[in-house]
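Trainee: sequence and predicted model, in that order:
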Amino acid sequence: MEIFIPHKTVSLIRSSYSKATAFVSFNLLLIINLVVSGMMITKSRGESTGTVGGIYVFGDSLVDVGNNNYLPLSLLRANLPYNGIDYQDKKPTGRFSNGRNAADFIAEKLELPTAPPYLRRRDNELYLKGVSFASGGAGILNTTNENLIKQTIPMPLQVNQFGRVREGLLKQMGDAGVQEHLSKSLFPIVFGSNDILRYFSEGSEQSKEYLPQQYVDLMVSTLKQLLKGIHGLGARKFLVVAIPPLGCAPKQRLKSKTDACDEEVNNWSKKYNDELTRMLPSLQLELGAFHYTYFDTYGVLLELIQNAAAYGFNNTKGACCGAGRLRAELPCTPLAVFCLNRSAHIFWDIFHPTEAAAHAAIDILFRGSGNYVFPMTIQQLIAL
């Protein structure tokens with residue numbers, strides 16, 4: 001950036017001040033020019049080089065901000081203490097966390113409000129800044145955690161809900177306006193954990209019907225079709241989040257007498273991620289205007305566990321809130337006990353990270369490490 005000084009202005013300076021004063025003024029302008037140019041360079045290297053229209057969140061309990069509270073028969077809720085103990089007013093909000101979760105931190109990084117839960121619907125609410133369809137226990141497949149009662153909102157239903165949101169936007173903004181708005185918006189996709197956990201749970205119907213590889217293939221092919229559906233409704237920029245090493249969650253460690261990770265569950269979690277990373281480029285070729293950032297939370301969680309001290313953690317195996325061995329034999333309820341040093345724990349309850357761990361993971365996402373974030377950083381995705 002250069003500062004242009006018109007000729008008449010220079011003449012005025014020379015006629016009004018001494019040559020010494022004019023010399024000082026010129027150098028001051030030069031310094032300002034250099035500072036402003038430096039600021040422009042710094043901005044270009046900052047966290048965001050584009051504008052995000054809104055954040056439309058699809059996912060499970062890792063990013064649920066309260067949708068399940070509106071499912072009257074669901075048992076998969078986080079609306080009881082001690083959830084939310086570090087949130088505003090120290091009250092549960094439906095987040096499976098002691099405080100904020102990954103959805104909150106993504107919004108904070110993008111200088112947007114946290115997307116509200118869709119089921120909290122208010123009259124004439126347009127969700128211009130985004131909305132969250134995420135639901136605790138939700139899976140890619142309709143059958144995940146869906147038994148006799150409506151416990152959760154699976155991904156196919158979340159896509160339908162987004163369709164209804166788009167209809168509302170269309171009435172207010174018109175086709176061209178909606179297309180432009182959604183093309184600038186971010187679409188986090190956080191699914192797969194519950195599908196894998198359900199398959200490897202005791203008495204699983206899925207494991208009777210499918211071999212593990214068949215099941216993973218079904219997950220990936222179903223996700224591909226659902227991503228096409230979201231894309232068809234106008235989404236262009238996707239943040240696709242991997243499955244973490246689920247076998248290292250406190251609940252899964254209980255299977256081992258030595259509190260070791262469940263390697264079978266980890267292996268199939270990784271297998272799903274591998275299949276996912278192969279599917280996404282082919283989908284991009286097929287759709288064209290499909291842009292994505294892949295976030296390897298499998299590698300990130302292992303990084304936090306293996307290098308815990310560097311991130312301020314000293315407990316990598318047990319839950320902060322729960323009861324029994326590893327505080328993982330019973331879930332986080334008012335009957336449980338909870339740790340006082342919550343920021344030193346990676347896990348809040350039997351499966352979910354603490355606020356501190358979620359914050360650390362999203363910091364890694366926005367730092368754009370090539371080991372965990374590809375084929376482009378989230379900043380590059382937003383700037384498209």
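Mentor: Happy to help now that I have it. Residues are numbered from 1 along each chain as shown.

Trainee: in this structure, which helix or strand is least confident?
Mentor: The helix or strand of the chain with the poorest confidence is helix 19-44; it has a mean of 36 (mean pLDDT, DSSP states H and E).

Trainee: what segments of the stretch 151-300 of the chain are strands?
Mentor: Using DSSP state E, counting those that start in this stretch, the strands of the stretch 151-300 of the chain run over residues 186-190, 237-241, 291-295.

Trainee: ok, the stretch 1-150 of the chain next?
Mentor: Using DSSP E, counting those that start in this stretch, strands in the stretch 1-150 of the chain cover 55-59, 130-132.

Trainee: now for these, which one comes closest to Val190?
Mentor: Among these, strand 55-59 comes nearest to Val190, with 3.2 Å by C-beta to C-beta. Every C-beta, even on glycine, is put in place using the N, C-alpha and C of the backbone.

Trainee: tell me the helices and strands packed up against the closest one.
Mentor: Applying 3 or more C-beta pairs under 8 Å, 6 or more residues apart in numbering; DSSP states H and E, one finds that strand 55-59 contacts helix 102-109, strand 130-132, helix 155-183, strand 186-190.

Trainee: what's the closest of the strands of the stretch 1-150 of the chain to Gly324?
Mentor: Across those, Gly324 has its closest neighbour in strand 55-59 (28.5 Å, C-beta to C-beta).

Trainee: the closest one - what's its average pLDDT?
Mentor: Mean pLDDT, strand 55-59: 98.

Trainee: given that strand, what are its sheet partners and their directions?
Mentor: Counting by DSSP bridges, the strands paired with strand 55-59 are strand 130-132 (parallel), strand 186-190 (parallel).

Trainee: can I get those in CSV with mean neighbour count and distance to Asp104?
Mentor: Converted to CSV, those look like this (neighbours: other C-beta atoms under 10 Å; distance: least, C-beta to C-beta, whole Å):
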stretch, mean neighbour count, distance to Asp104
strand 130-132, 25, 10
strand 186-190, 25, 12
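
Trainee: so what's Asn83 up against?
Mentor: 92-93, 95-98, 321, 332 (C-beta atoms under 8 Å, 6 or more residues apart in numbering).

Trainee: please apply the same query to Asp86.
Mentor: Asp86 sits in contact with 98-99, 342, 355, where contact means C-beta under 8 Å, 6+ apart.

Trainee: and Ser204, by the same measure?
Mentor: By C-beta under 8 Å, 6+ apart, the contact list for Ser204 reads Arg198.

Trainee: list the contacts of stretch 348-363.
Mentor: Identification of contacts with stretch 348-363 by C-beta under 8 Å, 6+ apart yields 61-62, 86, 96-102, 105-106, 109, 193, 197, 246, 249-251, 297, 300-301, 304, 311-313, 319-322, 328, 331-332, 342-347.

Trainee: which intervals of the chain have sub-threshold pLDDT?
Mentor: For the chain, the stretches with pLDDT under 70 are 1-50, 147-149.

Trainee: the same query, at a cut-off of 50, please.
Mentor: 1-49 (pLDDT under 50).

Trainee: tabulate the strands of the stretch 151-300 of the chain (a markdown table), appending distance to Ile364.
Mentor: Formatted as a markdown table, these follow (distance: least, C-beta to C-beta, whole Å):
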| stretch | distance to Ile364 |
| --- | --- |
| strand 186-190 | 15 |
| strand 237-241 | 12 |
| strand 291-295 | 9 |
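
Trainee: so for Tyr118, which of those sits nearest?
Mentor: Among those, strand 186-190 sits nearest to Tyr118 (C-beta to C-beta), with 13.9 Å.

Trainee: with just CA atoms, put the closest one into PDB.
Mentor: What follows is strand 186-190, C-alpha atoms only, in PDB (Å, rounded to 0.1, in the frame of the first residue of the first chain):
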ATOM      1  CA  LEU A 186     -19.200 -22.700   6.300                       C
ATOM      2  CA  PHE A 187     -20.600 -26.200   6.700                       C
ATOM      3  CA  PRO A 188     -18.900 -28.300   9.500                       C
ATOM      4  CA  ILE A 189     -19.600 -32.000   9.200                       C
ATOM      5  CA  VAL A 190     -19.000 -34.000  12.400                       C
END
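
Trainee: any chance you could list what contacts it?
Mentor: Strand 186-190 has contacts (C-beta under 8 Å, 6+ apart) with 52, 54-60, 62-63, 102-103, 106, 110, 130, 134, 223, 227, 230, 235, 237-241, 381-382.

Trainee: next, the angle from it to helix 155-183.
Mentor: Strand 186-190 runs at 160 degrees relative to helix 155-183, counting by axes from the mean of the first three to the mean of the last three C-alpha atoms, to 10 degrees.

Trainee: so what's the residue count around Asp123?
Mentor: 4 (other C-beta atoms under 10 Å).

Trainee: please apply the same query to Asn314.
Mentor: By other C-beta under 10 Å, 11 other residues sit near Asn314.

Trainee: residues contacting it?
Mentor: If you count contacts by C-beta under 8 Å, 6+ apart, Asn314 has them with 308, 341, 344.

Trainee: which parts of stretch 365-373 are buried?
Mentor: 365-366, 368, 372-373 (16 or more other C-beta atoms under 10 Å).

Trainee: and the residues you listed as CSV, adding distance to Arg164 and secondary structure?
Mentor: Below are the buried residues of stretch 365-373 laid out as CSV (distance: C-beta to C-beta, whole Å; DSSP: H, G, I helix; E, B strand; the rest coil):
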residue, distance to Arg164, secondary structure
Leu365, 29, helix
Phe366, 31, helix
Gly368, 34, coil
Tyr372, 34, coil
Val373, 32, strand
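
Trainee: ok, which pair from these is furthest apart?
Mentor: Using C-beta to C-beta, the buried residues of stretch 365-373 span at most 11.1 Å, a distance reached by Phe366 and Tyr372.

Trainee: next, the buried residues of stretch 245-259.
Mentor: Under 16+ other C-beta under 10 Å, the buried positions of stretch 245-259 are 245-254.
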